[in-house]
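A.B. asks: the sequence and its predicted three-dimensional model are supplied below.
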Amino acid sequence: MTENLKLFATRLKNLRIEKGYTQEKLAALIDCPPSLISYYETMQREPGFSNILALCEVFGATNLIPNLITSIYRRAAPRLFF
């Protein structure tokens, strides 16, 4: 378990509670099964790129999307091209 995954899980749960969303409501907003939200919050699964973007939109963090894309590209680029 990485520290980033732990931070993500904690932050996701806190944001969800702050907004007053149940796991079911948040799942409906990003079009995924409710169990997936539970898996994210308990660090049983890592979110895919499309769900990360959807969560950013739900929580009003769309200003983070360009940084997120850059970060993913920098990590993936060495594996893709070398």
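C.D. replies: Structure's in. What do you need?
A.B. asks: I'd like to know how far the nearest residue to residue 44 once chain neighbours are set aside sits from residue 60.
C.D. replies: Counting by CB to CB, 6 or more residues apart in numbering, residue 44 lies nearest to residue 38, which is 7.9 Å off, once chain neighbours are set aside. In this view, the C-beta of every residue, glycine as well, is placed from N, C-alpha and C. The spacing between residue 38 and residue 60, counted by CB to CB, to the nearest Å, is 23 Å.
A.B. asks: returning to that earlier point: what's the per-residue pLDDT of the residue nearest to residue 44 here?
C.D. replies: With respect to pLDDT, residue 38 scores 97.
A.B. asks: same thing with the one 4 residues further on?
C.D. replies: Residue 42 is assigned 95 on the pLDDT scale.
A.B. asks: next one: the one 4 residues further on
C.D. replies: You'll see residue 46 listed with a pLDDT of 87.
A.B. asks: tally of neighbours for it?
C.D. replies: Using other CB atoms under 10 Å, residue 46 is surrounded by 14 other residues.
A.B. asks: ramachandran angles for the residue nearest to residue 44?
C.D. replies: Here is the backbone geometry of residue 38 (degrees, to the nearest 10): phi -60, psi -40.
A.B. asks: what about it, how many residues close to it?
C.D. replies: 15.
A.B. asks: do residue 52 as well
C.D. replies: 19.
A.B. asks: and for the one 4 residues further on?
C.D. replies: In terms of burial, residue 56 registers 15 neighbours under the definition other CB under 10 Å.
A.B. asks: make residue 1 into 20 and carry on from there
C.D. replies: That works, and once the first residue is 20, the last one we named lands at residue 75.
A.B. asks: tell me which element it falls in.
C.D. replies: helix 68-77 (DSSP states H and E).
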